[in-house]
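**Q** Give me a model of this one.
(one chain, ligands or ions: 2)
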Amino acid sequence: MAKTAQQPVLVIMGVSGSGKSTVAGVLAGRLGWDLAEGDDLHPEANVAKMQAGHALSDEDRWPWLDIIADWIKERTAAGKPGIITCSALKKRYRDVLRGEGVVFVFLQGSKDKISDRLASRHGHFMPASLLESQFDALEAPTEDENHISLCVSASPAEEAEEIIERLGLEAQPAHTTGDAA
Ligand SMILES: Nc1ncnc2c1ncn2[C@@H]1O[C@H](COP(=O)(O)OP(=O)(O)OP(=O)(O)O)[C@@H](O)[C@H]1O
Ligand SMILES: O=C(O)[C@H](O)[C@@H](O)[C@H](O)[C@H](O)CO
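**A** Residues are numbered from 1 along each chain as shown. Ligands and ions are numbered 1, 2, ... in the order given. This next block holds a predicted model:
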């Protein structure tokens, strides 16, 4: 069971195609929290490299992880909650990101399942051919890491509800009627 600060920053992690962006988007809507897309924070050279079908190295990832860590720290320092997507595949990458109030949400799925998802995804810079390398790099979070793991078999809305429930977060009402005044 993950410990949650009152206003945590959630790092939605997992291999490419595990559903990070999709689930994070739903979750941010339900919680009304700031959302940052880790894909958008990559240095241009990283995106070009992935687009060309090459897996990133540790050296490629460090500057990107630093940018993500800065985003997280800004929020934890201000006591503001937030959600950020980041593959965070290796434990040493998560070491850069972890801290008081940071909870990792690991979206876990089989290679077959995620490969099917990537096969039907279009218009994304990350080629499905890199999935093997993502699983090669993946080190699942261990017990000593502040995290929860989710099997990615439900719908995005159900996954978001599971995260809210397991972390004891307070969602906004499902339907708001706007300003009554
Ligand atoms: N719970 C789900 N059920 C069914 N399909 C899903 C679910 N979550 C995501 N998908 C679909 O799977 C594909 C991959 O999802 P998404 O782009 O959110 O993954 P990602 O982990 O953010 O990938 P990347 O790291 O490459 O950006 C998308 O086409 C998305 O619509
Ligand atoms: O660590 C990595 O290899 C990268 O971050 C990738 O996972 C991509 O950013 C992304 O997930 C693909 O869209």
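
**Q** ranges for the strands of the protein?
**A** For the chain, applying DSSP state E gives strands covering 9-13, 34-37, 82-85, 102-108, 147-151.

**Q** most tightly surrounded among the ones you listed?
**A** Stretch with highest mean neighbour count among these: strand 9-13 (a mean of 28; mean count of other Cβ atoms under 10 Å). (Glycine included, C-beta is placed from N, CA and C.)

**Q** now check that strand, is it near ligand 1?
**A** No - using Cβ under 6 Å from any ligand atom, strand 9-13 stays clear of ligand 1, with a minimum separation of 8.0 Å.

**Q** So in that sheet, which strands flank that strand, and in what orientation?
**A** Strand 9-13 pairs in its sheet with strand 82-85 (parallel), strand 102-108 (parallel), by DSSP bridges.

**Q** So what's the gap between the shortest one and the chain middle?
**A** It refers to strand 82-85. Centroid displacement of strand 82-85 relative to its chain, using Cα atoms, centre = their mean, to the nearest Å, is 6 Å.

**Q** Same check on stretch 152-169?
**A** Chain-centre distance of stretch 152-169: 13 Å, with Cα atoms, centre = their mean.

**Q** List the buried residues in it.
**A** Neighbour counts over stretch 152-169 (16 or more other Cβ atoms under 10 Å) mark V152, P156, E159, A160, E161, E162, I163, L167, L169 as buried.

**Q** got a pLDDT number for the third one?
**A** Model confidence at E159, given as pLDDT, is 98.

**Q** can you start the count at 31 instead of 1 from here on
**A** Right, with 31 as the first residue, what we last looked at is E189.

**Q** Okay, now the unreliable bits of the protein?
**A** Residues of the chain meeting the criterion pLDDT under 70: 31, 33-36, 204-211.

**Q** repeat that with 90
**A** 31-37, 152-156, 202-211 (pLDDT under 90).

**Q** So what sits opposite the residue nearest to the spatial centre of it in the bridge?
**A** In the chain, the residue lying closest to the centroid (Cα atoms, centre = their mean) is I42, at 2.1 Å. Assessed by DSSP bridges, I42 has beta-bridge partners T115, V135.

**Q** Near ligand 2, which residues of the protein are found?
**A** Contacts of the chain with ligand 2, taken as Cβ under 6 Å from any ligand atom, map to S46, D69, H72, L86, R91, S117, L119, M156.
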